[in-house]
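Chemist: Structure, please.
(one chain, ligands or ions: 1)
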Amino acid sequence: MAGLYFHIPFCKQACHYCDFHFSTNQTLKQELVNQLSEELTLQKDYLQGEPIETIYLGGGTPSLLTAQELETLFTSIHKNYRVASGVEVTVEANPDDLTPKKLSELKSTGVNRLSIGIQSFDERVLKFLNRSHTATEALKCVEAAHQVGINNISIDLIYSIPDQNEESLQKNLATALTLHPKHISAYSLTVEEKTVFGRWASKGKLHAVEEDQSARQFELVMDLLTQHGYQHYEISNYCLPGFQSKHNTSYWKGKTYLGLGPSAHSYNGTTRQFNIPNNHHYIKSIQKGIVPFEREELTNENKINEYLLTSLRTEWGCSLYFLEEKFGYDLATHNKPYLNQLLSNNLIELNRGTIMLTRAGKLLADRIASDLFVSS
Ligand code: SF4
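Modeler: A predicted model of the protein is given here:
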C-alpha cells in the first residue's frame, strides 16, 4: 500500500512564519494542475503498481483549487493508479476558502478528510501571523464541513507565539475542543530565517519564545488534549481513537509514497527524490516530458537515522528488534552508557525491546534521536 502527495504551491498571502514553497501569484495555477496530471502519468511506474491507500493535497493552499482543477487531478489519479477501497483523501484548507459550495465540491470529488489551517482563534494573533482568515471564519467552516458530511476533520494550531501567554493558549485550546475535531496538530512556532519573522528577529524586532516557556506550553497542550480523550500519537499530533492521519502515519512507518508538484518529495524504500521548488521550471520541464528532480540514494546509516528520528516521536516507539532485523544494527550495544543515562534520568522507558520517550523525554525528542544517530 502506498500514498500520493500533491504539493499545490499557491497561497492568497504569505504568513509571516512560513518557509514552505508557494507563490501568491496564482496566474500559473491552472497550468500547474494540468502538469500535475501529466506528472501522474510520467511517474505511474514509481510505486510499482502498489494500490493507493492515501491521497494528500498539501501546500501551499489546496483549497484554492476549483472544482474543475480537482476533477483534473482525480481523473488522472484513477486513470493511472489502482486506488484502494476506503482510501483516505485529505485536503489542506484555509477557513476563508471553505464556503458551503466549496465543501460540497470537495465532498463530491471524494475528499473525506480536511486538515484546516486554523492556527489560532485569537484575532490579534491571526493578524500577527498574517493569516488570511478570521476566527469567526474558522469556527463557521468546521460547522459547515460537518453539515456537508465531512466529519473527519483535523485542525492545525500554533503555540509558542511571542506575546501569547499560557492563559491565551488555554483559551485557544478550549475553543478548539468545542468544535470536537477528530484530530489536532499542534506545532511550536519556529522562526525561520527566510521569513518575515526571521527578518524581524535579525533586526531585534521579534524575540522567539524562551525554551522553558515553550516547554511549558507543549506540556499544557499535551495535558489538556489528553485529558479530553485525545491520543498523543506523535509529538505534534493528537487524535480521537481511530482517527490517526493514515497518510502521515505511513511516512512515520516508512511506507512508500510518490510526491507530485514543485518541491514535493518521494520515497520508494531505497531512494528519496526531491522535485525542484520552482513553479515555472516545473511546468516547462513536465511539458517536455521530464520530471525535474534530484535523487538521493539512501545508505544504511541514512535509513537507521530516519527511523530513529521518526519512530521516537511516535507512540509506537523505536524497536530494537526492527533495527536489528531490517538494518543489522544493534542500537543497545552501541549506545549502552547513553541509554542507561536516559533511563536513569527518566527520559526513556524500555519495554519489550522498544524504546519510548517518557513525558520528560518528549520535550527532548529530536535531541535524543540525534544523539543516537549513526555517523557514516
Ligand atoms: S497558508 Fe500555509 S502554506 Fe500558505 S503561507 Fe500560510 S502557512 Fe504557508
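
Chemist: Now the helix or strand that contains Ala360: buried residues?
Modeler: Applying DSSP states H and E as the criterion places Ala360 in helix 359-362. Residues of helix 359-362 classed as buried: Gly361, Lys362 (neighbour count, 16 or more other Cβ atoms under 10 Å). All C-beta spots, glycine's among them, are computed from the backbone N, C-alpha and C.

Chemist: Note down every partner strand of the strand ranked longest in the chain and its orientation.
Modeler: As assigned by DSSP state E, the longest strand anywhere in the chain is strand 83-93. When pairing is defined by DSSP bridges, strand 83-93 lines up against strand 52-59 (parallel), strand 113-119 (parallel).

Chemist: can you redo these as a markdown table with mean pLDDT and mean neighbour count?
Modeler: Formatted as a markdown table, those follow (pLDDT from 0 to 100; neighbours: other Cβ atoms under 10 Å):
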| stretch | mean pLDDT | mean neighbour count |
| --- | --- | --- |
| strand 52-59 | 97 | 23 |
| strand 113-119 | 98 | 25 |
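
Chemist: ok, back up a step: please enumerate residues in contact with the helix or strand that the longest strand of the chain is followed by?
Modeler: Scanning forward in sequence from strand 83-93 by DSSP H and E, the next helix or strand is helix 100-109. Applying Cβ atoms under 8 Å, 6 or more residues apart in numbering, the contact partners of helix 100-109 are 63, 67, 70-71, 74, 89, 91, 93, 114, 141, 144-145, 147-150.

Chemist: let's see 6 Å
Modeler: Helix 100-109 is contacted from outside by Ala67, Leu70, Phe74, Val91, Ala144, Ala145, Val148, Ile150, using Cβ atoms under 6 Å, 6 or more residues apart in numbering.

Chemist: In it, which residues are buried?
Modeler: Buried residues in helix 100-109 (16+ other Cβ under 10 Å): Lys102, Leu103, Ser104, Glu105, Leu106, Thr109.

Chemist: Which member of those residues is positioned nearest the ligand?
Modeler: Nearest to the ligand among the buried residues of helix 100-109: Lys102, at 15.5 Å, using Cβ to the nearest ligand atom.

Chemist: roughly how far out does the helix or strand where Glu306 lies sit from the chain middle?
Modeler: Counting by DSSP H and E, the element that carries Glu306 is helix 300-311. Relative to its chain's centre, helix 300-311 lies at 18 Å (Cα atoms, centre = their mean, to the nearest Å).

Chemist: got it, and stretch 201-216?
Modeler: 23 Å.

Chemist: picking up where we left off before, output the buried residues of helix 100-109 in TSV; the columns should cover pLDDT and distance to the ligand.
Modeler: Supplementary listing: the buried residues of helix 100-109 in TSV, determined by pLDDT from 0 to 100; distance: Cβ to the nearest ligand atom, whole Å:
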residue	pLDDT	distance to the ligand
Lys102	97	16
Leu103	98	18
Ser104	97	22
Glu105	97	19
Leu106	97	17
Thr109	95	21
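
Chemist: so where's the longest helix in the chain?
Modeler: helix 211-227 (DSSP state H).

Chemist: That helix packs against which elements?
Modeler: helix 166-178 (3 or more Cβ pairs under 6 Å, 6 or more residues apart in numbering; DSSP states H and E).

Chemist: Give me the mean pLDDT for the helix or strand just after the helix it packs on.
Modeler: Where DSSP H and E defines the elements, the next helix or strand beyond helix 166-178 is strand 183-188. Mean pLDDT, strand 183-188: 98.

Chemist: Any chance you could list what contacts strand 183-188?
Modeler: Looking at what lies outside strand 183-188 - Cβ under 6 Å, 6+ apart - the contacts are 154-160, 214, 221, 236-239, 243.
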